[in-house]
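> what follows is a predicted structure for the sequence shown.
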Amino acid sequence: MTTFASGTDTLTRDALTVLQPGFTGTTAPDWLLRRLGEGLASVGVFGRNIISAEQLSALTAQLRAERDDVLVAIDEEGGDVTRLEVRTGSSFPGNHALGAVDDPELTRRVALELGRRLAACGVNFSWAPVADVNSNSANPVIGVRSFGADQDLVARHTAAYVTGLQTAGVAACTKHFPGHGDTAVDSHLALPRIDASAELLHARELAPFRAAIAAGTRAVMSAHILVPALDRTRPGTLSHRVLTELLRGELGYDGLIVTDGMEMRAIAGTYGIEHGSVLALAAGADAICVGGGLSDDETVRRLRDALVAAVRSGELPEERLADAAQRVRALAHWTSTAPAVQPDPALADIGLVAARRALHVTRVDPYTPPAEPPFVASLTPETNIAVGTETPWGMSAELNRLLPGTESGSFAGEDAGHAAIVAAGERRIVAVVRDEHRHPWMTRALDVLLTARPDTIVVEMGVPQAPPRGAVHIATHGAARVCGAAAAEFIAGVSA
């Protein structure tokens, strides 16, 4: 039974309970442990908090020594967005690769094994899966994080992912409601707007969320997007129409509603995190995620006090805060009583198996592997904030393991193609791109490479929207480490 520090009143405990803060460091700071004793029920862990599985296990044990049913949340989607393997790249392909295979049972098994590894480290809540339909090919923040551009495909894989993850005892948090796929703006940086009709939204964006709800998703994350067909003035996270009338009322969802990071500019830059958090709870959210960029006790105190003040002023009904806190505690209880899943040897390499199946190879002539170690030219775009800059991407390391002596370089900008040719010398070039269709400079660099070196192998590790070209074109449908490993096997001529 969890106990709270004496002197902490019910209102203050409830205000702490609905917060999901992060922290810095690889051990729990004293302030965080103290807040857990006062009523804080959730903690977010990020790449900055993780060195290894063993260290993460020790960290979560430290948290549970203070509160045995604490929700330990993580932004672990697999694929490009990984925190568990932030420094090496993920052992699991992301959603787009799974959607390309289109085997829901494979998706379920991948999510089950990923969930088992999280649970083994003491993590019981994952801000995944992404249920957004990537209908806008210019989307700068979703892309390969989505299962695809077809709502029915996204729906069946979202349901399979939720089932697999929760079978492992890890609560799924389906995101980003009501759908972030049809945007050309990153909500980390500004407030996106979707101008689709209500009819299209219900048929396309909401289909995967209906599937997730039917599959029993324990949580849903809101999106910081303005959807005028649903609410002309408030973004989804702050909209009573979106969260309470639509998600709770029309879709019948009764689980936890979590906000996307309130420190993101779409909210922090327009409403501020304190006022935004009050508005989010009043709209129907139950948990305030604020750990990605703000991770100190001062932030927790400010948000706690803002919520308490809003209740006392009448801006936030006390029963709404109490209801939100109770939903958090109910999810904490579910995770604390979920049975453990034992390792299944058949799933040990399920991520690599899935990555191999996701490869799509286009070639004109019979393929001959490089006779000598090649040169990997990575045409590197700017990384979006969700993915981060800590996680390596590409395939040079994987190819070097199979073809020792492989060299590599990273190139960007208008001179990228010429610079890669000079750096490669006489070696055969493997040009690695990521979302070529969104980066005109990347297309021009490939033009230069393929004109000078027609035998160049092109590896697309983003959404394969641009036409295939090169002597061989390999679409991996993601930039996870296992996606690079699968492509490297093909290039080196190694049988799986």
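Now that the structure is in, tell me what you want to look at.
> quick one: the strands in the stretch 151-300 of the chain, in order.
For the stretch 151-300 of the chain, the strands defined by DSSP state E, counting those that start in this stretch cover 171-177, 219-222, 256-258, 288-289.
> which residues sit against the least confident helix or strand in the chain by mean pLDDT?
Between all helices and strands in the chain, the lowest mean by mean pLDDT, DSSP states H and E belongs to helix 265-268, at a mean of 83. With C-beta atoms under 8 Å, 6 or more residues apart in numbering as the test, helix 265-268 has contacts from 187-192, 224-225, 235, 237-238, 262, 273, 276. Any C-beta I mention is one placed from the backbone N, CA and C, and that applies to glycine too.
> hmm, which of the residues you listed are the buried ones?
Buried residues within the contacts of helix 265-268, counting neighbours by 16 or more other C-beta atoms under 10 Å: 187-188, 191-192, 224-225, 235, 237-238, 262, 273, 276.
> give me the local confidence score for residue 210.
pLDDT recorded at residue 210 is 98.
> list just the nearest of the buried ones among the contacts of helix 265-268 to residue 460.
residue 188 (24.2 Å; C-beta to C-beta).
> please verify my assumption that the closest one contacts residue 140.
No: the pair residue 188 / residue 140 is not scored as a contact, 9.6 Å apart, by C-beta atoms under 8 Å.
> if we can go back for a sec, could you dump the contacts of helix 265-268 into TSV and include pLDDT and distance to residue 338?
Formatted as TSV, the contacts of helix 265-268 follow (pLDDT from 0 to 100; distance: C-beta to C-beta, whole Å):
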residue	pLDDT	distance to residue 338
187	70	31
188	72	32
189	74	36
190	75	38
191	81	36
192	84	35
224	92	30
225	91	32
235	94	33
237	96	28
238	97	32
262	91	28
273	93	31
276	95	32
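> most centrally placed residue in this structure?
By C-alpha atoms, centre = their mean, the chain has its centre lying nearest to residue 77, at 4.2 Å.
> what residues are up against that one?
94-95, 126-130, 145.
> pLDDT and secondary structure added to these, as CSV?
CSV is the format used below for the contacts of residue 77 (pLDDT from 0 to 100; DSSP: H, G, I helix; E, B strand; the rest coil):
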residue, pLDDT, secondary structure
94, 96, coil
95, 98, helix
126, 98, strand
127, 97, coil
128, 97, coil
129, 98, coil
130, 97, strand
145, 95, helix
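> from the residues you listed, which is closest to residue 212?
Set against residue 212, the nearest of the contacts of residue 77 by C-beta to C-beta is residue 129 (7.9 Å).
> roughly how far apart are residue 37 and residue 405?
Distance, residue 37 to residue 405, using C-beta to C-beta, to the nearest Å: 56 Å.
> no, scratch that, I was asking about residue 68
Counting by C-beta to C-beta, the gap from residue 68 to residue 405 is 53 Å.
> who has more neighbours out of these two?
residue 68 (12 against 9; other C-beta atoms under 10 Å).
> phi, psi of that one?
phi -70, psi -20 (degrees, to the nearest 10).
> I figured it hits residue 335, correct?
No: in this structure, residue 68 is not within contact of residue 335 by C-beta under 8 Å, at 11.0 Å.
> list of residues touching stretch 451-462?
So stretch 451-462 is contacted by 143-144, 374, 393-395, 421, 424, 428-436, 438, 446, 449-450, 466, 468-476, 478-479, 483-484, 487, 491 (C-beta under 8 Å, 6+ apart).
> follow-up on the earlier one: tell me which of the contacts of helix 265-268 fall in helices.
273, 276 (DSSP state H).
> closest one to residue 289 out of the contacts of helix 265-268, please.
residue 262 (6.5 Å).
> tell me the contacts of that closest one?
So residue 262 contacts 237, 268, 273, 276-277, 280, 288-290 (C-beta under 8 Å, 6+ apart).
> ok, 7 Å please
Residues near residue 262 by C-beta atoms under 7 Å, 6 or more residues apart in numbering: 268, 273, 276-277, 288-290.
> next: residue 433.
The neighbours of residue 433, taking C-beta under 7 Å, 6+ apart as the test, are 379, 442, 446, 458, 460.
> quick check, the third one in contact with residue 429.
No: the pair residue 446 / residue 429 is not scored as a contact, 10.4 Å apart, by C-beta atoms under 7 Å.
> tell me where the model's unsure across the stretch 251-400 of the chain.
Within the stretch 251-400 of the chain, the segments meeting pLDDT under 70 span 293-294, 384-388.
> include neighbour count and distance to residue 249 when you put the contacts of residue 77 into a markdown table, please.
Listed next are the contacts of residue 77 as a markdown table, based on neighbours: other C-beta atoms under 10 Å; distance: C-beta to C-beta, whole Å:
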| residue | neighbour count | distance to residue 249 |
| --- | --- | --- |
| 94 | 33 | 32 |
| 95 | 33 | 28 |
| 126 | 29 | 27 |
| 127 | 26 | 24 |
| 128 | 29 | 25 |
| 129 | 32 | 24 |
| 130 | 30 | 24 |
| 145 | 28 | 28 |
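> list just the nearest of those residues to residue 368.
residue 94 (30.4 Å).
> distance of that closest one relative to residue 142?
Between residue 94 and residue 142 the computed distance is 11 Å (C-beta to C-beta).
> ditto for residue 319
Going from residue 319 to residue 142 by C-beta to C-beta gives 36 Å.
> what about those two, which has more around it?
Using other C-beta under 10 Å as the criterion, residue 319 and residue 142 rank with residue 142 on top: 25 against 9.
> ok, the more buried one - contacts?
Per C-beta under 7 Å, 6+ apart, neighbours of residue 142: 130, 132, 134, 180-181.
> then residue 174?
Applying C-beta under 7 Å, 6+ apart, the residues contacting residue 174 are 129, 131, 158, 162, 209, 212, 217, 220.
> repeat that for 6 Å
Neighbouring residues of residue 174 by C-beta atoms under 6 Å, 6 or more residues apart in numbering: 131, 212, 217, 220.
> how about the strands in the stretch 301-450 of the chain?
All strands of the stretch 301-450 of the chain, identified by DSSP E, counting those that start in this stretch, fall at 360-363, 375-379, 407-411, 429-433.
> so the second one versus strand 429-433, what angle?
The directions of strand 375-379 and strand 429-433 differ by 20 degrees, with axes from the mean of the first three to the mean of the last three C-alpha atoms, to 10 degrees as the criterion.
> mind listing what strand 375-379 pairs with, with the direction of each?
strand 407-411 (parallel), strand 429-433 (parallel) (DSSP bridges).
> list the buried residues for the first one?
Applying a neighbour-count criterion of 16+ other C-beta under 10 Å, one finds 408-411 buried in strand 407-411.
> now those as CSV including pLDDT?
As requested, the buried residues of strand 407-411 are arranged in CSV below (pLDDT from 0 to 100):
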residue, pLDDT
408, 96
409, 96
410, 95
411, 96
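> number of residues surrounding residue 374?
Neighbours of residue 374 (other C-beta under 10 Å): 25.
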